[in-house]
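S.K.: Sequence plus the predicted model coming up.
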Amino acid sequence: MAAFTDVAALIPTLRGRLRDGADADLARASMMAMTDADVVRILEETASLAHEVEQIQVMAAGIIALRSKRERGHSGLSASRGHRSAAALVQNVTGSTKADADRQVRVGEALVDDGAAPADPAPAREALPVAVPWFQPLRDALRDDHLTAAQFDAIRRGLGEPAEQPHDRADAGGGATDEEQRVRWTRAAEHLVCDASHRTAEELWQQARTIRDMLDPEGAEARFMERFEKRSFRTYRAQDGQKRATMVLDDEGDLFLETVLAAALRPRRGGPRFVDPEEKARAASLSEDPRTNDQLAYDLILDMLRAGTLADAESVFGTRQAGVRLVQTVNAVGVRSAVAHSEDHLISVPASIAEQRGCDSGFVAVTVDSCGNPLDVGREQRLFTPRQRIALAIRDGGCRWDGCDRPASYCEAHHIDEWKRDRGRTDIDRGILLCRYHHMALHHGGWRIAREGRGDFTLQDPAGDEHAMRPRTVLSYAFGGIDPPPKRIRSAV
């Protein structure tokens, strides 16, 4: 086992600063005396080192999985060591959770299984050429330190497998061939890899799942119904005598419940500040409420159940009534997309759900170009209108600050041209969605956002360096079709 100083020697900023035999306490004391820049650099270096170690670990897990195949029976690697599966062996060795061990095995198998590599140390025979899998960009990105194992797994699980087209339909020109489908899945993987450095694994999974539905709208309906059939609500009494409940939500129920909770708890979760006086007073009262968020959510749901159809929406939810807003694209000749997505969280739903909602609550038409930029409907006024706010939500999909996953309903519309200083107009081309935290950070931290025409937004930090503010990948598929143009990638200057 390597000594602490042996590991520290692999971290450039720590190298040479610790004497032989130093332990974690001495390392902490040394780091406390370092500059802010040095401490951040150490975090970056350890993250890079941890990623390299993670790669080796998942490759080992993948090889263990290959040598533990079911057909090997009790002679398989895992079974020979008394474990039911490769994941069980990995969990036993690493001390990780079952979910983490399962993920390591999935990623490891995808990384090492080329279909022709030997599954044991025996000499390899000459192998036949193996077709490159559609997820090869994910493999390459993982090996090149552009993806973590969690991000790899999230994207691959979200995209699933390319939809196989019936040969008679493809031959008749009624659909894409299997090869064309694989190319589209590969391209989607490439797009999502570009997003990986700015998105959480959870957000990458959701975007991948939504893109999959856009690429395979026929399968989207079946997958939606499969999740719908799993919906359930169950109450039970625990050993302490208290009644508990569990709920399995379908996609539409998930969106509705999340929107209801967001509408009621937004001030506690860091929602918009720019509201009317009555709503501002209610937000202040809610922030001072001694109940926890979980208790508030519970009381809200019971209030809704008691009130039923007679609920006074304004007294329960405030000035913004809870509701799911869906986005469905319609091309120039009036053909509607087969899959819609929610404004918040960008979750895909079949077109039938969007049409059902349209009958119930109506719709707002917003004309956009292939990049999602709406028409300029700016006005000579200080605040964005509700229609402009909808247009910004459709284009941005949430906070545009790199790495932020706040949905559109939690965001505020920021003028990139100062109203007084730059004589800025309240045009949607000059506006961008930012969550409350990042909006405040921008105004009070010396940051600035710029944009040339309808090009990319760029974020300028206090030191003058510029960073691209990339839109979410799902939106390029929503507005650009199943073969969106390649992203313009800009690195930090």
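M.R.: Happy to help now that I have it.
S.K.: all helices for the stretch 301-450 of the chain, in order.
M.R.: Assigned by DSSP state H, counting those that start in this stretch, the stretch 301-450 of the chain shows helices spanning 313-317, 351-361, 386-396, 436-444.
S.K.: Report the mean per-residue pLDDT for the second one.
M.R.: For helix 351-361, the mean pLDDT works out to 70.
S.K.: same check, this time on the first one
M.R.: Along helix 313-317, the predicted confidence averages to a pLDDT of 51.
S.K.: again with stretch 197-207
M.R.: 91.
S.K.: Could I get the buried residue list for that stretch?
M.R.: The neighbour-count check on stretch 197-207 (16 or more other CB atoms under 10 Å) flags H198, R199, A201, E203, L204, W205, Q206, Q207 as buried. C-beta coordinates here come from the backbone N, C-alpha and C atoms, glycine included.
S.K.: Distance of the first one relative to E161?
M.R.: Relative to E161, H198 is positioned 26 Å away (criterion: CB to CB, to the nearest Å).
S.K.: now the fifth one
M.R.: Using CB to CB, one gets 17 Å for the distance from L204 to E161.
S.K.: Same question for N293.
M.R.: According to CB to CB, N293 and E161 sit 38 Å apart.
S.K.: Heading C-terminal from the biggest helix by length in the chain, find the next helix or strand.
M.R.: The helix that spans the most residues within the chain, counting by DSSP state H, is helix 36-66. For helix 36-66, the following helix or strand on the C-terminal side (DSSP states H and E) is helix 77-80.
S.K.: Other residues contacting that next one?
M.R.: Here helix 77-80 makes contact (CB atoms under 8 Å, 6 or more residues apart in numbering) with I64, R67, S68, R72, G73, H74, R84, S85, A86, A88, L89.
S.K.: who wins for most neighbours among those residues?
M.R.: A86 (27 neighbours; other CB atoms under 10 Å).
S.K.: Determine the three-state secondary structure at the residue most central in space within the chain.
M.R.: A centroid search over the chain (CA atoms, centre = their mean) returns E203, at 0.7 Å, as the residue closest to the centre. The local conformation at E203, judged by DSSP: H, G, I helix; E, B strand; the rest coil, is helix.
S.K.: So it sits against D405, correct?
M.R.: Yes. Counting by CB atoms under 8 Å, E203 does reach D405; the two are 4.8 Å apart.
S.K.: show me where the stretch 101-250 of the chain has strands.
M.R.: Ranges of strands in the stretch 101-250 of the chain, per DSSP state E, counting those that start in this stretch, are 232-237, 243-248.
S.K.: Make a markdown table from the ones you listed and add distance to R156 and mean pLDDT to it.
M.R.: Below are the strands of the stretch 101-250 of the chain laid out as a markdown table (distance: least, CB to CB, whole Å; pLDDT from 0 to 100):
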| stretch | distance to R156 | mean pLDDT |
| --- | --- | --- |
| strand 232-237 | 28 | 91 |
| strand 243-248 | 24 | 92 |
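S.K.: Now tabulate those in a markdown table and tack on mean neighbour count and distance to A9.
M.R.: Below are the strands of the stretch 101-250 of the chain laid out as a markdown table (neighbours: other CB atoms under 10 Å; distance: least, CB to CB, whole Å):
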| stretch | mean neighbour count | distance to A9 |
| --- | --- | --- |
| strand 232-237 | 9 | 54 |
| strand 243-248 | 10 | 50 |
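S.K.: Let me have these in a markdown table, extended by distance to R106.
M.R.: Below are those laid out as a markdown table (distance: least, CB to CB, whole Å):
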| stretch | distance to R106 |
| --- | --- |
| strand 232-237 | 27 |
| strand 243-248 | 23 |
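S.K.: Relative to R187, which of the ones you listed is closest?
M.R.: Proximity to R187, assessed across the strands of the stretch 101-250 of the chain by CB to CB, is greatest for strand 243-248 (33.3 Å).
S.K.: Toward the C-terminus, what is the element adjacent to the closest one?
M.R.: Assigned by DSSP H and E, the successor of strand 243-248 is helix 251-265.
S.K.: contact partners of stretch 48-57?
M.R.: Around stretch 48-57, the neighbours that count as contacts under CB under 8 Å, 6+ apart are L10, I11, T94, Q104, L111, L142, R143, D145, T148, A149.
S.K.: which parts of it are buried?
M.R.: Buried residues in stretch 48-57 (16+ other CB under 10 Å): E54, Q55, Q57.
S.K.: Check stretch 25-42 too.
M.R.: L26, A27, R41, I42.
S.K.: can you redo these as JSON lines with pLDDT and distance to M214?
M.R.: Output for the buried residues of stretch 25-42, formatted as JSON lines (pLDDT from 0 to 100; distance: CB to CB, whole Å):
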{"residue": "L26", "pLDDT": "81", "distance to M214": "54"}
{"residue": "A27", "pLDDT": "81", "distance to M214": "49"}
{"residue": "R41", "pLDDT": "91", "distance to M214": "41"}
{"residue": "I42", "pLDDT": "91", "distance to M214": "42"}
